[in-house]
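Engineer: just coords:
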């Protein structure tokens, strides 16, 4: 399992701690009764020895540019909180939770951007004296907000090679901050890592294929997160999905066969025709591809090779460079014998339908035997073309 903990709001580094009654310093402590005139009886002696309450409130009074994704908190020593209220400029109270022991309180919702929030309430010390809470702080107003999207959907089932892909709608200046806001939780131990493909795309993939049946939860906790250059995260995202059975395609361009293996058992061995090897622009790339989508019919267009909207049946996309596994009746005489396609894996339409019906997005397609290798030039899902060390080195937190 990803060993990094899911990002939780925390106090901002460098912020002081508010003093009740808007006093400076790190905390507020009510005046002690020690040294006052002694009273009669044991109770008076115990009261004299009681400690004054210490209150720590974060963000501090007067703090500005506070990240609204951070939790606002109050904690006490030598006493308990009687009440805590955090109010926005419109007078609306922020939802919060008071601990059962009365010693801490924290917000239960995000704060807004560019707003001033005011503390009120009180704490009572072991000495019986009350200390009020006071002061205000202001949250950051971003120059721009950065949104994100995920490639996985709730309740869906994916193949064992699916990467988790987070795509931001703007370039991210502080990739390390963004990466700390991302997490992957799994129902079985799964080693994995994040890698940045460019300034907007970051993927998480396991070291090895997912174990079938793994339950996965992805969290993109970017709201209120400072992403650098005046940009802050727009909205949080989550996705919960399941890894299905283990189906792997093994395609050999030299034997002209396409073998399907499910849960370790071979279920099909189809004659196939791969990309024409004499033209580097038509070679089917060697390497581990990932099924990206499937279409009952699909129009193929390639101006470089002078064809447009050639409709083929049972098309399964395996990269963004135009490679599909699909049915194609005209190449049946070549299937199992020669490679004549423009980079796709051609099957007889009946065989393509059998394969199509078995496919999940995220299934791996392992191609061997060709003269060209899958790489970053081939689009989004080249994740498995990299070694594990190469992949880990692309994390913003690698150094």
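Structural biologist: Looks like it arrived, so ask away. Predicted, not measured: the structure shown is a model, and the values here were computed from it. Numbers count the residues shown, from 1 in each chain.
Engineer: Mean confidence (pLDDT) on the host helix or strand of residue 204, please.
Structural biologist: Assessed by DSSP states H and E, residue 204 sits inside strand 201-206. For strand 201-206, mean pLDDT is 98.
Engineer: helices or strands next to the next helix-or-strand element following that strand in the packing?
Structural biologist: Per DSSP H and E, the first helix or strand lying C-terminal to strand 201-206 is strand 215-220. If you count contacts as 3 or more CB pairs under 8 Å, 6 or more residues apart in numbering; DSSP states H and E, strand 215-220 packs onto strand 148-150, strand 164-168, strand 182-186, strand 237-243. (C-beta placed from N, C-alpha, C; glycine too.)
Engineer: Just say which of those strands is most tucked in.
Structural biologist: strand 164-168 (a mean of 21; mean count of other CB atoms under 10 Å).
Engineer: Pull the residues that contact that strand.
Structural biologist: Contacts of strand 164-168 with the rest of the structure, by CB atoms under 8 Å, 6 or more residues apart in numbering, involve 146-152, 178, 182, 184, 200-205, 216, 218, 220, 239, 380-381.
Engineer: before we move on, back to that, what does the strand holding residue 204 rub up against?
Structural biologist: 2, 163-168, 175, 178-179, 182, 184, 190-197, 218, 380, 383-384, 391.
Engineer: Any of those buried? List them.
Structural biologist: 2, 163-168, 175, 178-179, 182, 184, 190, 192-197, 218, 380, 383-384, 391 (16 or more other CB atoms under 10 Å).
Engineer: Could you pull out the buried residues of the helix or strand encompassing residue 297?
Structural biologist: Per DSSP H and E: residue 297 is located in strand 293-302. For strand 293-302, a neighbour-count test (16+ other CB under 10 Å) marks 294, 298, 300 as buried.
Engineer: likewise stretch 318-325?
Structural biologist: For stretch 318-325, by 16+ other CB under 10 Å, it's 318-319, 322-325.
Engineer: Of these, just say which sits nearest to residue 361.
Structural biologist: Nearest to residue 361 out of these is residue 318 (CB to CB; 10.7 Å).
Engineer: Spatially nearest residue to that closest one, not counting backbone neighbours?
Structural biologist: Nearest-residue entry for residue 318: residue 289, 3.9 Å, with adjacent residues in sequence omitted and distances by CB to CB, 6 or more residues apart in numbering.
Engineer: can I assume that neighbour is in contact with residue 325?
Structural biologist: No: counting by CB atoms under 8 Å, residue 289 stays clear of residue 325, with 9.2 Å between them.
Engineer: Give me the common contacts of those two.
Structural biologist: What both residue 289 and residue 325 touch, as defined by CB under 8 Å, 6+ apart, is the set 318, 365.
Engineer: Which parts of the stretch 1-150 of the chain are helices?
Structural biologist: 42-49 (DSSP state H, counting those that start in this stretch).
Engineer: low-scoring stretches of it, by residue?
Structural biologist: 1-49 (pLDDT under 70).
Engineer: For the helix or strand where residue 311 lies, buried residues please.
Structural biologist: Secondary structure assigned from DSSP H and E places residue 311 in strand 307-317. Within strand 307-317, the residues that qualify as buried are 312-317, counting by 16+ other CB under 10 Å.
Engineer: will you turn these into JSON lines that also has distance to residue 71 and pLDDT?
Structural biologist: Shown next, in JSON lines, are the buried residues of strand 307-317 (distance: CB to CB, whole Å; pLDDT from 0 to 100):
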{"residue": "312", "distance to residue 71": "54", "pLDDT": "97"}
{"residue": "313", "distance to residue 71": "54", "pLDDT": "98"}
{"residue": "314", "distance to residue 71": "51", "pLDDT": "98"}
{"residue": "315", "distance to residue 71": "48", "pLDDT": "98"}
{"residue": "316", "distance to residue 71": "46", "pLDDT": "98"}
{"residue": "317", "distance to residue 71": "43", "pLDDT": "97"}
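Engineer: from those, which two are the most distant?
Structural biologist: 313 and 317 (14.0 Å).
Engineer: re the thing from before, need the helices and strands packed on strand 215-220 in TSV (columns: distance to residue 129).
Structural biologist: Putting these into TSV (distance: least, CB to CB, whole Å) gives the following:
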stretch	distance to residue 129
strand 148-150	49
strand 164-168	51
strand 182-186	43
strand 237-243	45
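Engineer: Nearest to residue 120, out of those strands?
Structural biologist: strand 237-243 (33.3 Å).
Engineer: ok, residues contacting the helix or strand that that closest one is followed by?
Structural biologist: Heading C-terminal from strand 237-243, the first helix or strand you meet, by DSSP H and E, is strand 247-252. Residues outside strand 247-252 that contact it (CB under 8 Å, 6+ apart): 159-160, 209, 257-263, 272, 274, 284, 325, 345, 355, 358-360, 363-369.
Engineer: For strand 247-252, which strands pair with it and how are they oriented?
Structural biologist: Strand 247-252 sits in its sheet next to strand 257-262 (antiparallel), strand 364-368 (parallel), going by DSSP bridges.
Engineer: Which strand or helix spans residue 354?
Structural biologist: helix 349-358.
Engineer: In terms of secondary structure, what does that helix contact?
Structural biologist: Using 3+ CB pairs under 8 Å, 6+ apart, helix 349-358 is in contact with strand 257-262, strand 265-271, strand 307-317, strand 324-327.
Engineer: Which neighbouring elements make contact with the last one?
Structural biologist: Yep, that's strand 324-327 we're talking about. Short answer (3+ CB pairs under 8 Å, 6+ apart): strand 324-327 packs on strand 293-302, strand 307-317, strand 345-347, helix 349-358.
Engineer: need the ones you listed in a markdown table with distance to residue 98, can you?
Structural biologist: Output for the helices and strands packed on strand 324-327, formatted as a markdown table (distance: least, CB to CB, whole Å):
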| stretch | distance to residue 98 |
| --- | --- |
| strand 293-302 | 49 |
| strand 307-317 | 53 |
| strand 345-347 | 62 |
| helix 349-358 | 54 |
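Engineer: just so I know, which of these lies nearest residue 88?
Structural biologist: Per CB to CB, nearest to residue 88 of the helices and strands packed on strand 324-327: strand 293-302, 44.2 Å.
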